[in-house]
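> Pasting the sequence and the predicted model now:
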Amino acid sequence: MEIKVNKNQTRTAIYVRISTAQQKTDRQVVELKEYAKSHAITIDEDDIFIDVISGFKNGEIRPQYSVLKQKVEAGFYDQILFSEFSRLDRKPSNLLKSIEYYQSKGVHLYFKKQNIWIRDKSDISTQIMVSVLAVMSQYEIELFVARGIDGKITAIKSRGTNCGGFTAYGYKVTPVDHKLVIDEEEARVVQRIYQYYDEGRSSLYISDILNSEGIPTPYRTRIGESEKKRKAKGMEAKHYARIGACEELRWRPSSINRLIKNPLYIGRREFTFFDPEPSNPLPTHKRQGRKLFQQFVTQSEDLRIIDDALFKRVNDMVKEKAFNRNLGIHRCNLLKELLRCGECGGNFSVGGGRAERKYRCYGTLSRCDKPRTCDCGAELTMDRLDGLVLNMCINKFVNHDIEVEASERIASAKKMIEERQSVISEYQQKMKDESDRFSSFVRRVIKNAASDDEANAWIAEERPEYEVRINEMTDSIKRAQSDIDMYKDKIGAYTKMRRKANLVSRQKQLLEDRNLVREYVRGFISKIEIYRASRLWALVVVKFLDGGERWGTIKTCRYKNSEVVVDSADPKKIEYTGIFVNNDKHLLNYDKGNKMVSINVGHDLHNGGSNVENVPFEDFMLRAKNAGYAGSYAKYQYERL
Ligand SMILES: [Zn+2]
């Protein structure tokens with residue numbers, strides 16, 4: 001490259017490094033141009049070197065910087081303007097080398113942020129600067145940043161300052177001391193949201209109300225504020241591709257759900273700080289496995305918008321709703337949440353017609369948006385698997401010290417009833433106030449209206465709104481009442497459970513009360529794994545919360561006549577055969593890859609010889625059958641009880 005050198009005037013260059021994440025018209029260039037102008041330094045467009053760094057690979061590639069260096073090498077420039085040290089080099093050690101290089105070429109450097117000129121070695125401020133840089137090692141720089149975090153944490157803990165980021169809805173940050181405080185107007189909206197939810201309104205309903213009232217969404221307010229700040233600094237408006245124009249933002253059910261879960265509304269602030277790692281070039285959100293620096297929680301009543309009881313109640317409702325979202329749960333079933341596919345680790349779905357409902361590994365479903373992920377997951381008839389599992393657990397359930405459990409549950413149900421009753425009386429009072437207000441309004445109208453027609457018109461105008469409010473309150477009362485009925489039913493079930501009965505009749509009694517059965521299943525079983533152990537049989541491993549384990553088998557297809565037991569007195573009563581093996585000591589292990597069972601010494605099915613016997617699953621079944629572990633179980637029609 002041929003470079004003409006004109007030594008008659010001082011030639012100045014600007015070097016700028018920007019990331020693609022930033023706007024093209026970066027402020028660095030503008031600021032440096034302004035500086036040059038105010039100091040009578042002329043700069044041509046050719047003298048501006050811009051490197052756009054996309055992502056961060058090892059060893060930055062800076063093509064424009066190379067061009068600049070070539071020109072410096074040719075003696076083309078006398079001085080270069082940078083916006084800050086890091087634009088010349090990120091690493092302090094390299095920075096020092098670069099500075100020494102330019103000094104040797106007689107090129108002066110200016111850094112805008114530090115507001116410092118580095119000239120030749122005779123210049124005293126240059127000497128100081130360079131020696132400071134030489135002393136500052138990477139370690140010290142990191143320490144320096146860490147001290148910055150320490151200061152931030154101290155400020156949060158002692159003065160309740162905000163720590164940047166998105167300010168939660170319902171709060172604002174004071175301009176001078178950067179404290180987080182309640183924004184009264186937004187706080188009222190937050191209270192309304194919790195109130196509505198508590199009354200049983202859906203998030204969709206709540207977002208519709210807020211949208212219809214034109215209440216700005218959290219994002220809209222915050223983006224508006226940040227735009228104002230950017231404008232004040234002379235920066236261009238940011239474009240938010242993902243959310244579109246902020247005027248069009250609307251409240252969504254997801255915004256309501258997110259808001260409801262924020263513990264800040266009960267004054268609880270949760271903080272997590274990671275090690276800053278200033279030398280890591282990745283942006284913080286892309287880093288993985290970051291080291292925790294400090295994690296803490298503060299509680300400040302000044303920030304409380306919602307009381308603890310309401311917060312807990314509403315969050316319990318959210319959890320309950322999320323839990324019930326699956327239609328399989330909505331149409332009740334006994335085991336779905338406990339079932340795991342042993343083959344793929346997936347959950348089970350509930351499906352099939354009303355006549356024969358089935359549990360089926362989710363991974364075996366194939367939809368266009370969710371391709372099949374499990375090749376051999378089982379599909380099992382619901383009432384048969386329910387029956388098998390109950391048969392495996394019933395003794396455990398019955399032997400449990402029912403007495404203690406029941407008393408505790410009765411006490412907690414009573415407490416729930418009390419709480420709902422207080423809700424009811426509160427609403428009854430509100431309704432009374434409301435109707436008092438309306439009748440006094442009617443009296444006033446009758447007194448002041450010129451004619452009966454006019455009075456009627458006024459009342460007719462006011463009445464619908466009054467009726468809506470009364471209806472809403474009536475609904476809330478009805479809901480609380482139905483909760484009370486439900487808890488009363490539960491108390492009934494627990495009381496029955498408490499009455500002493502012998503084992504067999506208690507088993508029978510338990511199976512007849514499906515609420516109780518469900519309570520027990522939840523109370524005892526931690527997980528049920530289903531393996532497709534052979535072509536026709538599935539292995540059902542029931543894991544109990546106390547660490548115990550039972551194995552059972554179930555056929556994945558139709559049972560042969562030889563595999564069912566028919567009650568001679570009642571031909572409709574069919575029982576299905578299978579094997580039931582106790583594995584409380586975990587002496588049996590199933591290897592799903594080879595469809596083999598390893599039997600450790602000490603188990604009844606161990607036949608002597610080596611410590612661990614490995615047998616194919618079919619042989620294992622045969623061995624268990626011969627050893628007398630075969631049994632039968634009846635269907636359990638949980639849904640139809
Ligand atoms: Zn599966």
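Structure's in. What do you need?
> Just give me the neighbour total for D46.
With neighbours defined by other Cβ atoms under 10 Å, the count for D46 comes to 8. Quick note: C-beta positions are derived from backbone N, CA and C, even for glycine.
> again with L109
Neighbour count for L109, taken as other Cβ under 10 Å: 20.
> Tell me if I am right that N594 is in a helix.
No - remark: N594 does not belong to a helix; assigned using DSSP: H, G, I helix; E, B strand; the rest coil, it is coil.
> got a pLDDT number for it?
Predicted confidence (pLDDT) for N594: 92.
> From the chain's centroid, how far away is the host helix or strand of N614?
According to DSSP states H and E, N614 maps onto strand 612-616. Relative to its chain's centre, strand 612-616 lies at 43 Å (Cα atoms, centre = their mean, to the nearest Å).
> In PDB, list the C-alpha atoms belonging to it.
This file holds the C-alpha atoms of strand 612-616, laid out as PDB (Å, rounded to 0.1, in the frame of the first residue of the first chain):
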ATOM      1  CA  VAL A 612     -25.100 -61.300  41.800                       C
ATOM      2  CA  GLU A 613     -27.100 -63.400  39.400                       C
ATOM      3  CA  ASN A 614     -28.100 -61.800  36.100                       C
ATOM      4  CA  VAL A 615     -31.200 -63.300  34.500                       C
ATOM      5  CA  PRO A 616     -33.400 -62.300  31.500                       C
END
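> Check which element follows the helix or strand of the chain with the lowest mean pLDDT along the chain.
Lowest by mean pLDDT, DSSP states H and E among the helices and strands of the chain is helix 327-330, with a mean of 45. In the C-terminal direction, the helix or strand that comes right after helix 327-330 (DSSP H and E) is strand 339-341.
> So is that next one next to the ion?
Yes - contact of strand 339-341 with the ion (Cβ under 5 Å from the ion) involves C341.
> What residues does I470 make contact with?
Residues in contact with I470 (Cβ atoms under 8 Å, 6 or more residues apart in numbering) are 431, 434-435.
> Where helices are concerned, which of these count?
Here DSSP state H is the test, and the contacts of I470 give 431, 434-435 as lying in helices.
> My understanding was that P616 contacts K595; is that so?
Yes - P616 lies in contact with K595 (Cβ atoms under 8 Å); the separation is 6.5 Å.
> higher neighbour count, the two?
The neighbour comparison of P616 against K595 (other Cβ under 10 Å) goes to K595, with 17 against 14.
> how far away is the more buried one from the ion?
To the ion, K595 is 15 Å away according to Cβ to the ion, to the nearest Å.
> Give me the neighbour count for the nearest residue to that residue once chain neighbours are set aside.
Excluding its sequence neighbours, the residue lying closest to K595 (Cβ to Cβ, 6 or more residues apart in numbering) is F617, at 5.0 Å. By the measure other Cβ under 10 Å, the count of residues near F617 is 20.
> Need phi/psi at the most centrally placed residue in the chain.
Closest to where the C-alpha atoms of the chain average out (Cα atoms, centre = their mean) is R258, at 9.0 Å. Torsion angles at R258 (phi, psi; degrees, to the nearest 10) stand at phi -70, psi -40.
> now do I182
In terms of degrees, to the nearest 10, the main-chain angles of I182 are phi -70, psi 140.
> With V30 instead?
With angles defined as degrees, to the nearest 10, V30 sits at phi -60, psi -50.
> What score does it have for pLDDT?
So, for V30, pLDDT stands at 84.
> same thing with V540?
Looking at V540, its pLDDT stands at 96.
> isn't there a strand covering it?
Yes - according to three-state DSSP, V540 belongs to a strand.
> Most neighbours among the contacts of I470, which one?
Greatest neighbour count in the contacts of I470, by other Cβ under 10 Å, goes to M431: 17 neighbours.
> Please name the nearest non-neighbouring residue to it.
Excluding its sequence neighbours, the residue lying closest to M431 (Cβ to Cβ, 6+ apart) is M473, at 5.0 Å.
> what's the answer for K625, then?
Spatial nearest neighbour of K625, excluding adjacent residues (Cβ to Cβ, 6+ apart): I579 at 5.9 Å.
> Regarding V581, what is its secondary structure?
Following three-state DSSP, V581 is assigned to strand.
> how does this protein divide up, domain by domain?
Listed domain ranges for the chain are 12-136, 160-215+251-311, 330-400+510-640, 402-504 (source: automatic domain parsing).
> hang on, the earlier thing: so which of the ones in helices among the contacts of I470 would you say is closest to F544?
M431 (49.1 Å; Cβ to Cβ).
> Near the ion, which residues of the stretch 201-350 of the chain are found?
Within the stretch 201-350 of the chain, the positions near the ion by Cβ under 5 Å from the ion are 341, 343-344, 346.
> Equivalent analysis for the chain, please.
Counting by Cβ under 5 Å from the ion, the chain sits next to the ion at 341, 343-344, 346, 361, 363, 374, 377.
> Most neighbours out of those, which is it?
Using other Cβ under 10 Å as the neighbour criterion, C361 leads the residues of the chain next to the ion with 28 neighbours.
> How about the contacts made by it?
Neighbouring residues of C361 by Cβ under 8 Å, 6+ apart: 341, 343-344, 346-349, 374, 377-379, 530.
> If I look at the residue nearest to K625, what pLDDT would I see?
For I579, the pLDDT comes out at 91.
> My guess is it contacts M621. True?
Yes - at 6.0 Å, I579 counts as touching M621 under the criterion of Cβ under 8 Å.
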